[in-house]
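> Sequence first, predicted model second:
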2 protein chains.
Amino acid sequence: MDVWFTENQAAGLRISIQVKDVLARVKTPYQEVVVTDTVGFGRMLTLDDVVQTTERDEFIYHEMLCHVPMCSHPNPRRVLIIGGGDGGAVREVLRHETVEKCDLVEIDGEVVAQSRKHLPSISGMLDDPRVRVIIDDGIKYAAGIRSEYDVIIIDSTDPIGAAVGLFSRTFYEAAFKALAEDGVFAAQTESPFFNSDLIRRISRDMTAVFPNVGLYLACVPTYPGGLWSFTIGSKKYDLQPAAGLRDIHGTRYYNHAVHRAAFALPEFVRDLVPWGKA
Amino acid sequence: MDVWFTENQAAGLRISIQVKDVLARVKTPYQEVVVTDTVGFGRMLTLDDVVQTTERDEFIYHEMLCHVPMCSHPNPRRVLIIGGGDGGAVREVLRHETVEKCDLVEIDGEVVAQSRKHLPSISGMLDDPRVRVIIDDGIKYAAGIRSEYDVIIIDSTDPIGAAVGLFSRTFYEAAFKALAEDGVFAAQTESPFFNSDLIRRISRDMTAVFPNVGLYLACVPTYPGGLWSFTIGSKKYDLQPAAGLRDIHGTRYYNHAVHRAAFALPEFVRDLVPWGKA
């Protein structure tokens, strides 16, 4: 029997991924958490029928989400990840030997539980002694913090439901305060092809909060349109230095050439950001 | 009624695009040529149920296929395009005012005819006086040419059927001879994510034929996995100069920063090419 999972990615666009087995399906107060085993992408986590991560292509998303901010900071010791209950961002952050603590604040404990159980290649570093897993609302959590983190990374779902507030100027201001005086912030910020209005708003709001802001891109096969954006804000450090990025090993997508190249925006993306045509 | 076109893009991966109307459907000796009007991507050309081009995202593919080789050459006057019967590559080549002639060699006259009729925003420059449309086998055509073109561009289908020979060392040798002594060659060369063995072979074969070879990337939403590769060979000119790329205006994806950035290969792609880890 042919079994296919189908996601409605955008108006008139669907992706379908062939499924071998459904490993977990749990309704939580926030969403439906499903882990499947697929024919072409290894195991896959979906939340409310939206692909979050697959074993086959998660390295692209997680490496680019984490290593661009982490390598931009000369000495990232204290890291906060909001969202990212699958543990992929934690795994990448811990590649950096400077890290002393990595706090993960995930709103839905089932995402962590099912990922621990069914996605060990992604969640495997969640038990590292440097990691603290906090099941809480990341927006509330960040609002209570002052100058505590060197790097904050937002690994959220699409801006629907509980994640909406993570894409707001109020939240960027809270994250700014939660960062040390030389802190760096990065967030996944959706598709330049399908979410152009959102990216316009985010880049304007981030520019109002952080002195150095950038938008960078990577191509994630299972995300709508492939082309994906990340927004980064820095209090002090240059985001695209010609030299001096910190070294990192063991990656399959990220390297320093890719880091710098990711900020080279196609013309239609330059049109979305206030600094694009400056 | 909901009508969806579905393409099998890779093992266990399908893309579906919602269709408003079928504008043309023609069986030719080579393939089934279909033009549809879609909900999210404007009009769309498929050949044997594989998406070739949509009005919404074709600019990315056509600009990156053409402007990287064209801007690498200081004075491209004579251009040969093999495949590309939709006319999108011709349109981009003619943005370069240096061009005196642009020969398009397409094996299937119906692709040209249906594109002229139903895809005017893509095919609209096919009647320019600098353009000669030749309905012929591009492999045979190129084999008879000596030192005649400044730039040769291969805008082919996937390596199936008539297009197989366009992905061979024999063909690269013929293209080398058909180029002037400072000529530049570029071809679409599939997905690094799904066609890694093919890219390994192409990059090795191209390196045996051209003194300067590069692989560059762009993200085309309607192609499998989004991430797409192009292979370029040059007899004389540097492919990633720090400065001195020729100017081009009116693009929506390409610019000189994107040109240089497109050669920054992710680690898993560097593993595919002989110069990647040199």
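Nice, thanks for sending it over. As the structure is a prediction and not an experimental result, all values here were calculated from the model. Numbers count the residues shown, from 1 in each chain, chains lettered A, B, ... in the order given.
> near chain B, which residues of the stretch 101-250 of chain A?
Counting by C-beta under 8 Å from any C-beta of the partner chain, the residues of the stretch 101-250 of chain A lying close to chain B are A:193, A:217, A:219, A:220, A:221, A:224, A:225, A:226, A:227. Where you see a C-beta, it was placed from the backbone N, CA and C, and this is true even at glycine.
> hmm, 10 Å instead?
Selection of the stretch 101-250 of chain A residues close to chain B by C-beta under 10 Å from any C-beta of the partner chain yields A:191-194, A:217-228, A:250.
> Please convert the buried members of these into PyMOL selection syntax.
Buried members of these can be picked out in PyMOL with the line below, counting by 16 or more other C-beta atoms under 10 Å in any protein chain shown:
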select buried, chain A and resi 191+192+193+194+217+218+219+220+221+222+223+224+225+226+227+228
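> Let's see which of the residues of the stretch 101-250 of chain A next to chain B end up in strands.
When DSSP state E is applied, these are split such that A:217, A:218, A:219, A:227, A:228 fall in strands.
> can you put those in JSON lines and add distance to residue B:98 and pLDDT?
Conversion of those to JSON lines gives the following (distance: C-beta to C-beta, whole Å; pLDDT from 0 to 100):
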{"residue": "A:217", "distance to residue B:98": "31", "pLDDT": "98"}
{"residue": "A:218", "distance to residue B:98": "34", "pLDDT": "98"}
{"residue": "A:219", "distance to residue B:98": "32", "pLDDT": "98"}
{"residue": "A:227", "distance to residue B:98": "31", "pLDDT": "97"}
{"residue": "A:228", "distance to residue B:98": "36", "pLDDT": "98"}
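> Next, count neighbours for the nearest residue to residue A:123 once chain neighbours are set aside.
Excluding the flanking residues, the one nearest residue A:123 by C-beta to C-beta, 6 or more residues apart in numbering or on different chains is residue A:87, at 3.5 Å. For residue A:87, the count of nearby residues is 31 (other C-beta atoms under 10 Å in any protein chain shown).
> And residue A:87, how far from chain B?
21 Å (C-beta to the nearest C-beta, to the nearest Å).
> do the same with residue A:28
In this structure, residue A:28 and chain B are 27 Å apart, going by C-beta to the nearest C-beta.
> In contact with that residue: list those residues for me.
For residue A:28, the set of contacting residues under the criterion of C-beta atoms under 10 Å, 6 or more residues apart in numbering or on different chains consists of A:47, A:107, A:108, A:109, A:110, A:111, A:113, A:114.
> Please flag which of the residues you listed sit within helices.
A:109, A:110, A:111, A:113, A:114 (DSSP state H).
> doesn't residue A:33 make contact with the fourth one?
Read that as residue A:113. Yes - checked against C-beta atoms under 10 Å, the pair residue A:113 and residue A:33 is within contact range at 8.7 Å.
> pLDDT value on the closest residue to chain B within the stretch 151-278 of chain A, please?
Distances between the stretch 151-278 of chain A and chain B by C-beta to the nearest C-beta are smallest at residue A:226, namely 1.6 Å. Residue A:226 carries a pLDDT score of 96 in this model.
> show me the contacts for it.
Under the criterion of C-beta under 10 Å, 6+ apart, the contact list for residue A:226 reads A:57, A:60, A:191, A:193, A:218-220, B:193, B:218-228.
> before we move on, what about residue A:95?
Residues in contact with residue A:95, defined by C-beta under 10 Å, 6+ apart, are A:63, A:66, A:67, A:70, A:125, A:248, A:249, A:250, A:251, A:254.
> cool, and residue A:25?
Under the criterion of C-beta under 10 Å, 6+ apart, the contact partners of residue A:25 comprise A:32, A:33, A:34, A:35, A:36, A:46, A:114.
> and if we set it to 6 Å?
The neighbours of residue A:25, taking C-beta atoms under 6 Å, 6 or more residues apart in numbering or on different chains as the test, are residue A:34.
> So in terms of bridging, what pairs with it?
Listed by DSSP bridges, the beta-bridge partners for residue A:25 are residue A:34.
> gap between it and residue A:98?
Applying C-beta to C-beta, to the nearest Å, one obtains 39 Å for the distance of residue A:25 from residue A:98.
> what about the closest residue to residue A:218 other than its chain neighbours, which helix or strand?
In space, and not counting its chain neighbours, residue A:218 is closest to residue A:64: 4.1 Å by C-beta to C-beta, 6+ apart. Taking DSSP states H and E as the definition, residue A:64 sits inside helix A:58-72.
> could you dump that helix to PDB, C-alpha only?
Extracted as PDB, the C-alpha positions of helix A:58-72 are listed here (Å, rounded to 0.1, in the frame of the first residue of the first chain):
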ATOM      1  CA  GLU A  58      17.500  18.700   9.000                       C
ATOM      2  CA  PHE A  59      21.300  19.400   9.000                       C
ATOM      3  CA  ILE A  60      20.900  22.300   6.500                       C
ATOM      4  CA  TYR A  61      18.300  24.100   8.700                       C
ATOM      5  CA  HIS A  62      19.900  23.400  12.000                       C
ATOM      6  CA  GLU A  63      23.500  24.200  10.900                       C
ATOM      7  CA  MET A  64      22.500  27.500   9.300                       C
ATOM      8  CA  LEU A  65      20.200  28.500  12.100                       C
ATOM      9  CA  CYS A  66      23.000  28.000  14.700                       C
ATOM     10  CA  HIS A  67      26.400  28.400  13.200                       C
ATOM     11  CA  VAL A  68      25.900  31.800  11.700                       C
ATOM     12  CA  PRO A  69      25.200  33.400  15.000                       C
ATOM     13  CA  MET A  70      27.600  31.200  17.000                       C
ATOM     14  CA  CYS A  71      30.500  31.700  14.700                       C
ATOM     15  CA  SER A  72      29.800  35.500  14.600                       C
END
